[in-house]
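Novice: Starting from these lines, generate the structure:
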Amino acid sequence: DAKPIKGMGCFVHEAVAVDPQTGIVYQTQDSAQAGVYRYVPKTRGKLADGGRLQMLAVDGRRLFDTSKGQRAGVTFDIHWVDIAEPDRPHVSASPGSGTGVFRQGLDRGGAIFSRLGGATFGGERLYITATDGGEAKMGQVWEIDPQRGRLRLLFESPGAPTLNMPDNLTLSPRGGLLLCEDGTMTPCVHGLTRDGRVFRFARNNIKITEPRNGLTGDFSQREFAGATYSPDGKWLFLNAQTPGLTFAVTGPWADGGL
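Specialist: Numbers count the residues shown, from 1 in each chain. This next block holds a predicted model:
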């Protein structure tokens, strides 16, 4: 029987991405105030052997709130602070003892993000979304370079018409990022090019008028999720979270941003 792996953190988990070179597991937290975490296993590929849980911190800036006052292209040097009690509950009856893992990270100067969503690893970089980060609260896309210890803001949405709360994301084999919106008004899938331009790729227009598998209705306000490419990069797979549909999209991709 499968057993839970202790030590990877007791918090509101969202996405996971693994560095294929090191085996380090990066994790996002879907909370109003959230942290970026990494689990460094004692034995690569054997998480159950134990390891260290750490939270991202920005050099020289304790409790730095990344969701305010940032511009695309800004770069920060980072380090990682240890979480001494990774299994401390984030909810407790004892006053002042809640949000256990996040609180420990803050006490050591960890950085604050706003509602972390998707995570994907590629090209020796980790890419994450802060779903309602930014001045407009419509989302940010961040890049983390673990080898150089750097955090960079790739894009911040100026408003819902441009990008409405990005959540799941995946890295194209050609270097662009595919972003699935989490907004409630006709969610779309957007592309983010390597030079920082956002464009609409697809829009949810799912309306089932004739019963199929017992389902009918207007699902056009439901989000896309689980975007990924086939190993050869020729096919993109997308899920419509509700009613539970998977789409397969092929190119040609060579002349586009994805």
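Novice: Please count neighbours and contacts with C-alpha atoms only from this point.
Specialist: Noted.
Novice: helix or strand for the nearest residue to Gly110 once chain neighbours are set aside, which one?
Specialist: The shortest distance from Gly110 to any residue that is not its chain neighbour, by C-alpha to C-alpha, 6 or more residues apart in numbering, is 4.2 Å, and that residue is Ala57. Assigning secondary structure by DSSP states H and E places Ala57 in strand 46-58.
Novice: which residues of the protein score low on pLDDT?
Specialist: Applying pLDDT under 70 to the chain flags residues 1-4, 90-99.
Novice: can you rerun that using 80?
Specialist: Under the criterion pLDDT under 80, the flagged ranges of the chain are 1-6, 90-99, 183-185, 212-213, 255.
Novice: Look through it and report the residue furthest from the middle.
Specialist: Each residue of the chain has a distance to the centre, and by C-alpha atoms, centre = their mean the biggest one is for Glu210: 35.5 Å.
Novice: was I right about that one contacting Asp218?
Specialist: No. No contact is recorded between Glu210 and Asp218 when judged using C-alpha atoms under 8 Å, the distance being 11.3 Å.
Novice: before we move on, back to that, which of the residues in the very next helix or strand once past the strand holding Ala57 are classified as buried?
Specialist: Scanning the chain past strand 46-58 towards its C-terminal end, the next helix or strand to appear is strand 75-82 (assignment: DSSP H and E). Residues of strand 75-82 classed as buried: 75-78, 80-82 (neighbour count, 16 or more other C-alpha atoms under 10 Å).
Novice: Take those residues and lay them out in CSV including distance to Gly233.
Specialist: Output for the buried residues of strand 75-82, formatted as CSV (distance: C-alpha to C-alpha, whole Å):
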residue, distance to Gly233
Thr75, 30
Phe76, 32
Asp77, 32
Ile78, 32
Trp80, 33
Val81, 36
Asp82, 37
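Novice: closest to Tyr127 among the residues you listed?
Specialist: Distances from Tyr127 to the buried residues of strand 75-82, taken as C-alpha to C-alpha, are shortest for Thr75 (13.9 Å).
Novice: and the closest one, how far is that from Trp142?
Specialist: Taken as C-alpha to C-alpha, to the nearest Å, the spacing of Thr75 relative to Trp142 amounts to 10 Å.
Novice: Find the nearest non-adjacent residue to Phe201, please.
Specialist: Leaving out its chain neighbours, the residue that sits closest to Phe201 by C-alpha to C-alpha, 6+ apart is His190, at 5.0 Å.
Novice: partner residues bridging that neighbour?
Specialist: Note on His190: beta-bridge partners Leu179, Arg200, judged by DSSP bridges.
Novice: That one reaches Val198, doesn't it?
Specialist: Yes. Contact criterion C-alpha under 8 Å: His190 and Val198 qualify, at 6.6 Å.
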